[in-house]
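S.K.: Any chance you can model this:
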Amino acid sequence: MCRFCWILVAALLVSTGALVGKFIIVGETQPAADGRTAIVLEPAERDMILTEMRAFLGSVQGVLLSANGDDMKTLVIAARKSGMPPPDQIPAALVGKLPLAFKKLGFDTHKRFDQLALDAEQLGDKEHALEQLAELMNNCIACHEQYRLVGKAAAQK
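M.R.: Numbers count the residues shown, from 1 in each chain. Below is the predicted model of the structure:
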């Protein structure tokens, strides 16, 4: 009886580890022809992430224009637009498909926008804000160097 229990526990641990690896670390990915990792998503999920990336670009442009015009109040507003979203805004099914490193880059980018807004509001130093923006952009570069988003139909070809 005890031997059976240990075998059952071992089997459960292995299957739990496999699920954790698949849904938390690896996500729904496959190698892309260009050497990057393709993240396989439903069309609506892909659109959601691309919309978020376009919002990042809008915030970057807003920060740059505001800094150029010495308008720190507008700079803060632009940066906050890409800060951390409410936890329930991102569907759990989508989060499970994203690899851990992609999630880390995304969450770090949101946090950096929040920090940029906070520092700009408190310090009023546009040079510091631009330095923070330059650092934040490294996340964008890293993400686009490593990943591409593909729809399920394209991935099955």
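
S.K.: Secondary structure element holding the residue nearest in space to the middle of the chain?
M.R.: Among the residues of the chain, the one closest to the centroid is G106, at 2.0 Å (C-alpha atoms, centre = their mean). G106 belongs to helix 100-123 when elements are defined using DSSP states H and E.

S.K.: Quick one: distance of that helix to the chain centre.
M.R.: Its chain's C-alpha centre and that of helix 100-123 lie 11 Å apart, by C-alpha atoms, centre = their mean, to the nearest Å.

S.K.: After the helix or strand of the chain with the lowest mean pLDDT, which helix or strand is next? Please name it.
M.R.: Across the helices and strands of the chain, mean confidence by mean pLDDT, DSSP states H and E is lowest for helix 2-20: a mean of 62. Per DSSP H and E, helix 2-20 leads on to strand 29-31 as the next helix or strand towards the C-terminus.

S.K.: contacts for that next one?
M.R.: T37, A38, I39, V40, P99, A155 (C-beta atoms under 8 Å, 6 or more residues apart in numbering). C-beta coordinates here come from the backbone N, C-alpha and C atoms, glycine included.
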